[in-house]
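K.L.:
quick one: sequence plus predicted model below, questions after.
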Amino acid sequence: MAVGVGVAVKEPRTRAEWQEAVDQAEFYLVLDSARQYGLITGGPEVNVDRCEEILKHGSNLGFQPSPDAIERCAKVLCV
């Protein structure tokens, strides 16, 4: 489920899907910030509004990014 990039994805339904969506949204926002600060180049185009929407809705449902969200998502993206 690539929540932060320009692809159509289904809305999270289960607790596991919501946690994954929140973790990915956090990762993509960090990726976008790093790119804006010139720390990295390339990578997928990030849909910042969608990421923020997922984080807000997930928070309302009781979900927060996992402490290792950035590291786990980076491993998947860099493989």
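P.N.:
Ah, there it is.

K.L.:
for the protein, which segments are assigned as helices?
P.N.:
15-36, 48-60, 69-77 (DSSP state H).

K.L.:
can you add distance to G42, mean pLDDT and mean neighbour count and give those back as a markdown table?
P.N.:
C-beta here means a position set from N, CA and C on the backbone, and glycine is covered the same way. Shown next, in a markdown table, are those (distance: least, Cβ to Cβ, whole Å; pLDDT from 0 to 100; neighbours: other Cβ atoms under 10 Å):
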| stretch | distance to G42 | mean pLDDT | mean neighbour count |
| --- | --- | --- | --- |
| helix 15-36 | 8 | 94 | 19 |
| helix 48-60 | 17 | 96 | 15 |
| helix 69-77 | 11 | 87 | 14 |
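
K.L.:
I'd like to know how far the residue nearest the centre of the chain sits from G38.
P.N.:
By Cα atoms, centre = their mean, the chain has its centre lying nearest to A25, at 1.9 Å. When distance is defined by Cβ to Cβ, to the nearest Å, A25 is 22 Å away from G38.
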